[in-house]
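*Asks:* Here's my sequence, what's the structure:
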Amino acid sequence: MAELALATPRRAAPRGTGLWIAPPVLVLAALFLYPLALILRQGLGGDAGALSLAHFGTVLASTEFHHALKNTLVIATTSTIGCLVLGFALSVLLAFTPVPGGRVLARLIDTFIALPTFLVALSFTFIYGSAGIVNESLMQALHVTEPPVDFLYSQWGVILSEITVYTPFVMRPLLAAFSLIEPAQIEVAGSLGARPLRIVTKIILPAALPALVAGGSLCLLLTVNEFGIVLFIGAKDVITLPLLIYDKAIQQFDYTSACVIAVVNVALSLGLYSLYRFVIAYFGGRRAGLV
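*Replies:* Numbers count the residues shown, from 1 in each chain. From the prediction side, this is the model:
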């Protein structure tokens with residue numbers, strides 16, 4: 001009897017219950033999938049007729065593509081490492097030390113997320129530019145005619161701007177993770193003679209690891225696709241993939257090459273996004289005891 005009770009068939013779902021998903025799928029296809037399909041088609045030959053991978057081979061073998069890809073990866077990786085180091089240091093300082101106005105400072109840093117990225121690049125030109133505050137002051141103090149500080153219009157200027165913009169994306173999950181640490185753990189460790197560095201490495205860092213990995217993955221994704229900072233600073237010889245797409249499409253009217261590079265950039269972005277989602281799911285599973 002028990003087996004018969006367990007084997008009772010499930011009630012069939014009412015007809016048409018799955019139709020609700022059709023409108024959002026159609027909207028997604030129209031706004032996202034169709035433009036991507038057009039870009040892919042243009043990269044495969046565009047209006048020339050037969051589709052071919054010849055354009056991909058030509059563009060991907062070019063020196064300018066290799067240079068742009070290298071710049072993109074170097075800038076994104078260096079900026080992400082800088083965000084992780086600075087974000088971890090600031091988060092520890094705000095969460096575990098009695099900093100006056102720490103809560104207000106944390107809110108102020110958090111507002112960077114809402115600002116357009118090019119505003120940071122603009123502010124840096126007023127501070128570190130050739131005619132900025134720092135150079136004007138140093139030129140008057142040292143009695144020189146050339147700006148002593150000359151890093152802004154280079155790869156390092158882009159990296160510094162991106163670290164400033166994207167560090168809050170690391171700090172937000174870190175501060176949330178630090179709020180779950182019991183203050184008694186740190187107090188007991190300190191009373192037993194543990195030095196601050198040991199407390200950080202043995203208590204704080206293990207609790208921060210999931211947030212660091214998730215925040216770093218997100219920063220890497222965002223910096224790979226950063227366009228406004230690179231364009232606004234106008235660093236010489238610093239051409240990234242988004243800027244190369246802009247140059248090919250807008251400056252040279254070479255839409256086929258622009259679409260080929262765009263397909264590569266989209267594939268790279270989707271790969272990094274998949275990594276980010278995997279990291280979130282993995283550490284979420286570990287917290288739930290599933291991994």
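
*Asks:* what's in contact with stretch 238-247?
*Replies:* Contacts of stretch 238-247 with the rest of the structure, by Cβ atoms under 8 Å, 6 or more residues apart in numbering, involve 64-65, 67-69, 71-72, 75, 154-155, 158, 224-227, 230-231, 258, 261-262, 264-265, 268. Every C-beta, even on glycine, is put in place using the N, C-alpha and C of the backbone.

*Asks:* Going by neighbour count, which residues in that stretch are buried?
*Replies:* Across stretch 238-247, burial judged by 16 or more other Cβ atoms under 10 Å covers Val238, Ile239, Thr240, Leu241, Pro242, Leu243, Leu244, Ile245, Tyr246, Asp247.

*Asks:* after the lowest-mean-pLDDT helix or strand in the chain, next one along is what?
*Replies:* Within the chain, no helix or strand scores below helix 2-6, which has a mean of 46 by mean pLDDT, DSSP states H and E. Beyond helix 2-6 in the direction of the C-terminus, DSSP states H and E gives the next helix or strand as helix 22-28.

*Asks:* Can you spell out which helices and strands pack onto the next helix or strand after that next one?
*Replies:* Toward the C-terminus, helix 22-28 is succeeded by helix 34-43 as the next helix or strand (DSSP H and E). Where contact means 3 or more Cβ pairs under 8 Å, 6 or more residues apart in numbering; DSSP states H and E, helix 34-43 is packed against helix 255-287.

*Asks:* distance between the helix it packs on and the chain's centre?
*Replies:* The chain centre lies 11 Å from the centre of helix 255-287; the measure is Cα atoms, centre = their mean, to the nearest Å.

*Asks:* Dump the host helix or strand of Gly57 to PDB, restricted to CA.
*Replies:* Element membership of Gly57 [criterion: DSSP H and E] is helix 54-60. C-alpha atoms of helix 54-60 as PDB (Å, rounded to 0.1, in the frame of the first residue of the first chain):
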ATOM      1  CA  ALA A  54      39.100  34.800 -43.400                       C
ATOM      2  CA  HIS A  55      38.500  38.100 -41.700                       C
ATOM      3  CA  PHE A  56      39.000  36.500 -38.300                       C
ATOM      4  CA  GLY A  57      42.300  35.100 -39.400                       C
ATOM      5  CA  THR A  58      43.500  38.400 -40.800                       C
ATOM      6  CA  VAL A  59      42.500  40.500 -37.900                       C
ATOM      7  CA  LEU A  60      43.600  38.100 -35.200                       C
END
